[in-house]
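[1] sharing a model prediction with you, sequence too.
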Amino acid sequence: MMTKLKNTFSWSFSAAADFDECRRRRYWSKYGMWGGWERGADEMTKAAYRLNKMTNRWGLMGVATEETIMRVLRQHQAGNPITADEAYEAVARPFLIRCWKESRAKAWQKNPKQFCCLQGHYYGTMEDEKSAIGAIRKQVLHCTANFIDNVLPRIEQIPFEQEMRIQTPDMGGDPENITWNGVKMYVIPDYAYRRGNQMHIHDWKAGKIKKAHREQLAGYALWAEVKYHVPIENIFLYVEYLNEGQVLPFQLTKEEFDGQKARIEASVAEMSEYLADFDRKKNEPLPKEEWELAADPNSCKYCKFYELCKGEL
Ligand code: SF4
């Protein structure tokens, strides 16, 4: 007999960002979609599940960049360095072609988990496919070239054995997480390694520079503290802005770290207010209507759940 999966309360930086921007968006992506993979699920649940799996061209570009630079790093470690163009051809190009084909052929109708669905195709907002693909290609190549020039020289000496093993969503199973104050938290650093008693954590950013990234990396510092018991003075954080060719290296003081932890706690408490009896163990959401629609209508313009909300907007 199959055991029924339990929807466990969880926090992550992106969940908190969604929740802040639009309560309803968090509802759809955590509760409204739950069970939508089952054949007998109702149409709304199935749609929420399908839309939750949808990506857009920026998401695709981010994944293509991450996979391409990791190939560059692995080839380099194996003593077989490759250029940005070679890495693009080997990794990003086939990945992008596959996603584009699946999305256009609507393969996701059969299996939304397995096949790519692009928001631009789904909502008919992609006007010029050729220029969209061209822009992704240009940015992935540019980011990869910057990675080779600016990042690789700083990390190429790190032996593979010193790298932390990080469970990413594409590996299947539950992605990297910790339990902090009794709350499950998904924290998935891009790249981390030990050097003596220090922990160094890098995050690849193919997109724009944002202030919030500092907060996101504070979550990774928490991961290092909870999972590997590294004190904050030994945690070194780096936001690698690959498109700009810039790095933001920083450490958190104890006071700043405490401040970030307090912000996370406040976010968890706010999310709990949308649960029946504030009970995170049961994790039963209040009815959908209690999860407010976005305050700013601009949030809806590019939201993947638009189809489900449009009747109420
Ligand atoms: S369409 Fe608007 S209201 Fe609905 S989830 Fe998206 S942002 Fe929120």
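    Arrived safely, thanks for sending.

[2] going by C-alpha atoms from here, please, whenever you check contacts or count neighbours.
    Noted.

[3] can you verify Ile201 is assigned to a strand?
    Yes. Membership of Ile201 in a strand is supported by DSSP: H, G, I helix; E, B strand; the rest coil.

[4] who's it bridged to?
    Beta-bridge pairing for Ile201 (DSSP bridges): Ala192, Leu237.

[5] isn't it up against Tyr220?
    Yes. Ile201 is in contact with Tyr220 according to Cα atoms under 8 Å; the separation is 7.4 Å.

[6] what touches both of these two?
    Shared contacts of Ile201 and Tyr220, defined by Cα atoms under 8 Å, 6 or more residues apart in numbering, comprise Pro189.

[7] where along this structure do the helices fall?
    13-21, 23-27, 43-52, 57-77, 84-87, 93-104, 119-122, 129-146, 152-155, 212-228, 254-272, 298-301, 306-309 (DSSP state H).

[8] what's the most buried one of those helices?
    Looking across these with neighbours counted as mean count of other Cα atoms under 10 Å, the highest average goes to helix 23-27: a mean of 23.

[9] any idea how far that helix is from the chain center?
    Averaging C-alpha positions (Cα atoms, centre = their mean, to the nearest Å) puts helix 23-27 17 Å from its chain's average.

[10] is it true that Arg25 touches Asp18?
    Yes. In this structure, Arg25 is within contact of Asp18 by Cα under 8 Å, at 6.3 Å.

[11] format the helices of the chain as TSV; extra columns: mean pLDDT.
    Shown next, in TSV, are the helices of the chain (pLDDT from 0 to 100):
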stretch	mean pLDDT
helix 13-21	96
helix 23-27	98
helix 43-52	97
helix 57-77	96
helix 84-87	98
helix 93-104	96
helix 119-122	95
helix 129-146	96
helix 152-155	96
helix 212-228	95
helix 254-272	97
helix 298-301	94
helix 306-309	97
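
[12] is it possible to get CSV of those that adds distance to the ligand?
    Below are these laid out as CSV (distance: least, Cα to the nearest ligand atom, whole Å):
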stretch, distance to the ligand
helix 13-21, 7
helix 23-27, 4
helix 43-52, 10
helix 57-77, 17
helix 84-87, 36
helix 93-104, 21
helix 119-122, 13
helix 129-146, 23
helix 152-155, 38
helix 212-228, 19
helix 254-272, 15
helix 298-301, 4
helix 306-309, 4
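
[13] tell me what Tyr186 is bridged to.
    Ser12, Asn177.

[14] contacts only, for the closest residue to Thr55 other than its chain neighbours.
    Nearest residue to Thr55 in three dimensions, chain neighbours excluded: Leu118, at 5.2 Å (Cα to Cα, 6 or more residues apart in numbering). Each residue near Leu118 by Cα under 8 Å, 6+ apart is listed here: Met54, Thr55, Asn56, Arg57, Trp100, Ser103.
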